[in-house]
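Asker: need a 3D model of the sequence below.
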Amino acid sequence: MKYFQILIVEDDQSVRNLIAATLKVHQYAFMTAESGEEAIRCAVSQKPDLILLDLGLPDADGVDIIKSIRSWSQLPIIVISARSEDSDKIRALDAGADDYLTKPFSTDELLARIRVAQRRLSYIQSRAESSGIFQNSDLIIDFEAAAVKCAGRKIHLTATEYRLLKLLAVNVGKVLTYSMIIKEIWGSCLETDIVSLRVHMATIRKKIGDSEREEPLIETHVGIGYSMVKY
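Answerer: Coordinates of the predicted model:
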């Protein structure tokens, strides 16, 4: 059996021990690092499946660690930090973190976030082996044909709407910040672009029937951005 291997990057021994004990009980393989330098070294040499990263490291800011890892890898990174301001979350997510968990946290929530990361990894791997068809609940996107169907109906999207929906689909389960989306779609990051983004997202949600769903496909993270929920 191949265990899902996790790198814990945390300089606080009590928190590190809590996370390690939780992972051990649930049969996750893990390794630990107490500094940014050690974290980078482990990520390069051991190639973990997931990183749990504290931002307040003794030798480096965690955001810089995220940027460094993102320069060569897309492995999932879940930030676990005492920094609870939206600005800190946005910095980490914009740098490339996949998720953000604020201290103090429950071990059940930590495990749930890890399971989300596992599902996303599994999806990405299966999609790479597929024929270019994305399916999530009743939403189907044919990437090769740039065609979208939802609940069996063909959905007519503008070019910008399609690019937005595709961006969310490719990053299913991941929170994308406003600035990240705007840079990817429009190549800029102006305050006025956020208004345009919100209008486009509202139109997309209407077209795919999100307002009629008990569990919408697209989730709004107020003050941060959007994500597509994986079903």
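
Asker: how is this protein carved up into domains?
Answerer: Annotated domains of the chain cover 5-124, 131-228 [automatic domain parsing].

Asker: in JSON lines: those, plus mean pLDDT.
Answerer: What follows is those, written out as JSON lines (pLDDT from 0 to 100):
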{"stretch": "domain 5-124", "mean pLDDT": "92"}
{"stretch": "domain 131-228", "mean pLDDT": "89"}
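
Asker: find the helix or strand that Ala20 is a member of.
Answerer: helix 13-25 (DSSP states H and E).

Asker: chain center to that helix, what's the gap?
Answerer: With CA atoms, centre = their mean, to the nearest Å as the basis, helix 13-25 stands 23 Å off its chain's centre.

Asker: now do stretch 42-49
Answerer: Remark: stretch 42-49 is offset 19 Å from the chain centroid, using CA atoms, centre = their mean.

Asker: which outside residues touch that stretch?
Answerer: With CB atoms under 8 Å, 6 or more residues apart in numbering as the test, stretch 42-49 has contacts from 4-7, 31, 33, 51, 69, 73, 75-76, 118, 121. Where you see a C-beta, it was placed from the backbone N, CA and C, and this is true even at glycine.

Asker: just the buried subset of these, please.
Answerer: Among those, the ones that count as buried by 16 or more other CB atoms under 10 Å are 4, 6-7, 33, 51, 69, 75-76, 121.

Asker: looking at the protein, which helix is longest?
Answerer: Counting residues, the longest helix in the chain under DSSP state H turns out to be helix 107-128.

Asker: can you point out the buried residues in that helix?
Answerer: Result for helix 107-128 [16+ other CB under 10 Å]: buried residues 110, 113-114, 116-117, 120-121, 123, 127.

Asker: show me what it is packed against.
Answerer: Contact partners of helix 107-128 among helices and strands, from 3 or more CB pairs under 8 Å, 6 or more residues apart in numbering; DSSP states H and E: helix 13-25, strand 50-53, strand 77-81, strand 99-102.

Asker: and the ones you listed as a markdown table, adding distance to Arg163?
Answerer: Putting these into a markdown table (distance: least, CB to CB, whole Å) gives the following:
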| stretch | distance to Arg163 |
| --- | --- |
| helix 13-25 | 38 |
| strand 50-53 | 28 |
| strand 77-81 | 25 |
| strand 99-102 | 24 |
